[in-house]
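Here you go, sequence then predicted model.
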Amino acid sequence: MHNARVRIVAVLAAVLTWSSGAFADAISIKLTTSVPAGQSPRLTIVANQAVERVEVLLNRDDGKVVEQSIASLALGASQDIALDGRPGRHTYSGRITWGSGDKGLTSQVSFETVVGSVMQVAIDKSHVDLAHGRLDMLVSIPEGTVTLKILSATDNGVLVEREESFSDHEATAPLVVTWEPLGKDAEIGRIDVRVSEPGGAYQSYSLFPWTVYIPHEEVTFATDSSAIAASESPKLQASLAKITDALAKHKDLGAIRLYIAGHTDTVGTAKYNLGLSQKRAQAIAGWFRKNGLALPIVYEGFGEQALRIATPDSTDEPRNRRVDYILSVEDPVLRATDFRPAWKPVK
C-alpha cells in the first residue's frame, strides 16, 4: 500500500496526507460532522472512478471503533457510513483504504463530530434582575450560545445586544447572562433570548418585564365594605387619566393589561382579609371598565400576603391598606410575597 490523500468535499476539521498518482483521486470523502438532536453524523464515500473495495477503520476518543468494508463502488456511486448519533462531541481518527486489482492506497483521516441534544430551556421572569443586569435560566445542553437583546419600551430601540458562548455547563445549574445595568430611568419593554446548540438548532423566547405602577390617591372604603362611594369617583377619574396617558406612550409595546391588586393590613383573620381585598379590587376594576377603559382588566386580592410595611399581626397600618394599579404585558411579579395570584378578568 501507498499513502495518499483523497479529495474532500465539505470537510470540517479533516486532516489527510497527499500522494501523487491519478488513482489517489479515485474516491472523495464527504463529512457531515455537526448535526442536531435525532440525527447522526456520517462519512460518505463517493467513487470518482470504479473501485473494487473500500475499507474504513476509525477510532473514537472514547475507545469506540468503527470498521466497515465496502465490496465495490461503480463510477459515481456513493456509500454512507453512519456514526454514533448520541448527543455529545467526539474526535475520530483512522484510515480509509481503497483499491482495484493490484492498486491500493491508504489515507489517514481525523475529524470531530458534534451531535446536539434535545434542548430544554426554562426562563422564569422572576429570575430577571434588571437593576443588576442579570438573567438566570435553566439550559439542558452542555455547550452552546446565548444571544440576548433588550429593547426599549417606548420606541423598540435596542438598548443591549450581546452574545455569549458556554461550555461544560451542568443542566441542573443556572446559566447566568449578565449585562451592564441600564439605570433606573431606562424603560425596558422586551428581552429577546435565543439559545443555540452547536448543531444549529435553537430556541427563542421573549420576556416583557415592562411594568408601570400608576401613582394614585387611594379609594376610601367604609369598614367591611367594598362599595365605592360617589365621593371617591374623582380619585378614580384622575387615575383613569394617568392610565390612558401611559397607554398612549406605549401603544406599540404589545397587548397591555391593567392589573388591579388589593391589599389589607393585618387586622382581622388572614382569610377574611383575603376575601375583602379581592372584593375591593374587583370593585375598582369594574369601575374602570364601566367608565370606558377598553383594554383587558384583571384583578386579584392579596389580603395581608404582600405588606408594604412589615408589621406584627393585628396591626392597624394605613399604608398596607391599598390597591395597586399596574400596567404590564405579562403577569407582574410582586416580590414581597410567594402568593401565586389567580388573576380574574373583568367582563
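Sure thing, it's come through. Predicted model only: the values in this text are computed from it and were never measured.

Show the backbone phi and psi for residue 143.
Backbone torsions of residue 143, given as degrees, to the nearest 10, read phi -150, psi 150.

actually residue 276, not the one I wrote
According to degrees, to the nearest 10, residue 276 has phi -70, psi -40.

So it is in contact with residue 303, correct?
Yes: between residue 276 and residue 303 there is a contact under Cβ atoms under 8 Å: 7.5 Å. Every residue, glycine included, has its C-beta placed from N, CA and C.

so what sits against both of the two?
In terms of Cβ atoms under 8 Å, 6 or more residues apart in numbering, residue 276 and residue 303 are both contacted by the residues 262, 264.

what's near enough to touch residue 190?
150-151, 153, 156, 206-210, 253-254.

What subset of those residues is buried?
150-151, 153, 207-210, 253 (16 or more other Cβ atoms under 10 Å).

ok, now how distant is the nearest residue to residue 87 once chain neighbours are set aside from residue 177?
Excluding the flanking residues, the one nearest residue 87 by Cβ to Cβ, 6 or more residues apart in numbering is residue 117, at 3.6 Å. Relative to residue 177, residue 117 is positioned 20 Å away (Cβ to Cβ, to the nearest Å).

next one: residue 201
Distance from residue 201 to residue 177, counting by Cβ to Cβ: 19 Å.

remind me which residues of the protein are low pLDDT?
Residues of the chain meeting the criterion pLDDT under 70: 1-22, 336.

Which residue ranges make up the domains of it?
2-115, 121-207, 211-345 (automatic domain parsing).

Now do the end-to-end distance for the longest one.
Length of domain 211-345, first residue to last, Cα to Cα, to the nearest Å: 18 Å.

how about the residue nearest to the spatial centre of the chain, secondary structure?
Centroid-nearest residue in the chain, with Cα atoms, centre = their mean: residue 205, separated by 4.4 Å. Under the three-state scheme (DSSP: H, G, I helix; E, B strand; the rest coil), residue 205 adopts strand.

Residue 206 and residue 189 touch, don't they?
No: contact criterion Cβ under 8 Å: residue 206 and residue 189 do not qualify, at 10.2 Å.

follow-up on the earlier one: any chance of the buried ones among the contacts of residue 190 in CSV, with secondary structure too?
Formatted as CSV, the buried ones among the contacts of residue 190 follow (three-state DSSP):
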residue, secondary structure
150, strand
151, strand
153, coil
207, strand
208, coil
209, coil
210, coil
253, coil
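
about what we covered before: residue 276 and residue 303: which has the busier surroundings?
For residue 276 versus residue 303, neighbours defined as other Cβ atoms under 10 Å are more numerous around residue 303 (24 against 21).

distance from the centroid: which residue in the chain tops it?
Distance from the centre of the chain peaks at residue 102, with 58.6 Å (Cα atoms, centre = their mean).

Please list all residues in contact with residue 257.
If a contact means Cβ under 8 Å, 6+ apart, then residue 257 has 295-298, 327-329 as its contacts.

what separates residue 47 from residue 98, distance-wise?
From residue 47 to residue 98 the distance is 9 Å (Cβ to Cβ).

Residue 201 now?
Distance, residue 201 to residue 98, using Cβ to Cβ: 35 Å.

Looking at the two, which one has more neighbours?
Using other Cβ under 10 Å as the criterion, residue 201 and residue 98 rank with residue 98 on top: 26 against 19.
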